[in-house]
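[1] for reference, the sequence and a predicted model appear below.
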Amino acid sequence: MSIRSRRSIACFLASSALYAAPAFAQDTPPADDATVADPEIIVTIDREFAAKVYDDPAWATIAAVRARRVHLSPKLPFGWVDFPPSVNRLIGLWWLAKILYPNLFPEDLRQQTREFYDKFYHVRVTDQQIDRVLAGRD
């Protein structure tokens, strides 16, 4: 995947404010818009969208869906890539970097998550809690 490729940075935050390829939008982008952009990766904050997108024929032709590269963003205790603006965006940047360019970011995201929660929330998280957070679940 080329760093310069528009498709390589295409992200959707379904049900949110960002549709990064090729322009910004306010609502969940329709499958028609996604077909035009044909992103290789989709990032969403919408759990329902993430759960159903692989079974939706309208999305079946999208590269990200065919490659099973639709990612549900973590959101505990606040969103990592969306709202409200918070310190979680710091760990969210690492999470996005690992999704977009895993070969360029070899760091252990599980360990970074553990250290982040310890440093910013003074909480020692278990492996099960990290699994749940990284899966984008409450």
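    That came in fine, so what should we check first?

[2] where do the strands sit along this structure?
    Ranges of strands in the chain, per DSSP state E, are 42-44, 70-72.

[3] rank those strands by pLDDT, which is bottom?
    Among the strands of the chain, strand 42-44 has the lowest mean pLDDT, at a mean of 89.

[4] partner strands of it, parallel or antiparallel?
    Sheet pairing of strand 42-44 (DSSP bridges) gives strand 70-72 (parallel).

[5] coming back round to it: tell me the most buried of the strands of the chain?
    Stretch with highest mean neighbour count among the strands of the chain: strand 42-44 (a mean of 26; mean count of other Cβ atoms under 10 Å). C-beta: built from backbone N, CA, C; applies to glycine.

[6] ok now that strand, how far from the chain's centre?
    5 Å (Cα atoms, centre = their mean, to the nearest Å).

[7] with stretch 49-63 instead?
    From the chain centre to the centre of stretch 49-63 is a distance of 15 Å (Cα atoms, centre = their mean).

[8] quick one: mean pLDDT for that stretch?
    Stretch 49-63 comes out at a mean pLDDT of 91.

[9] okay, how far is it across that stretch, tip to tip?
    16 Å (Cα to Cα, to the nearest Å).
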